[in-house]
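Student: Sequence and computational prediction follow.
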Amino acid sequence: MSEHDTSNSWVRRCAQRLQWRHGMTPDVATELATEAFACVGADGGCPERTADEMLRMPMEV
């Protein structure tokens, strides 16, 4: 699997979790997932866990 395929898969799984579990719109979920991937990368762990952990953190105002 190419690096591009890996990043797309990770972002898609993270975004799906944000939509399903946290009720986000597809656009917002994809944007947040893309930002998360830029921070943690493919070796950053499970995308679903990352999605859940992102929403436990305090949000910036």
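Tutor: That came through, no problem. Residues are numbered from 1 along each chain as shown.

Student: For the rest of this, base every contact and every neighbour count on C-alpha atoms.
Tutor: OK.

Student: show me the contacts for the spatially most central residue of the chain.
Tutor: Residue closest to the average C-alpha location in the chain (Cα atoms, centre = their mean): residue 33, at 2.8 Å. Going by Cα atoms under 8 Å, 6 or more residues apart in numbering, residue 33 touches 11, 12, 14, 15, 51.

Student: Pass me the low-pLDDT residue ranges in this structure, would you?
Tutor: Flagging of the chain using pLDDT under 70 yields the residue ranges 1, 3-4, 58-61.

Student: for it, longest helix please?
Tutor: The longest helix of the chain (DSSP state H) is helix 3-22.

Student: and the next element down the chain from it?
Tutor: Under the assignment DSSP states H and E, the closest C-terminal helix or strand after helix 3-22 is helix 26-40.

Student: helices or strands next to the helix or strand following that following helix in the packing?
Tutor: Next in sequence after helix 26-40, counting helices and strands by DSSP H and E, comes helix 47-54. Under the contact definition 3 or more Cα pairs under 8 Å, 6 or more residues apart in numbering; DSSP states H and E, helix 47-54 sits against helix 3-22.

Student: Mind giving me the packing neighbours of the helix it packs on?
Tutor: Under the contact criterion of 3+ Cα pairs under 8 Å, 6+ apart, helix 3-22 touches helix 26-40, helix 47-54.

Student: residues of the shortest one that come out buried?
Tutor: In other words, helix 47-54. Neighbour-count burial for helix 47-54, counted by 16 or more other Cα atoms under 10 Å, picks out 47, 48, 50, 51.
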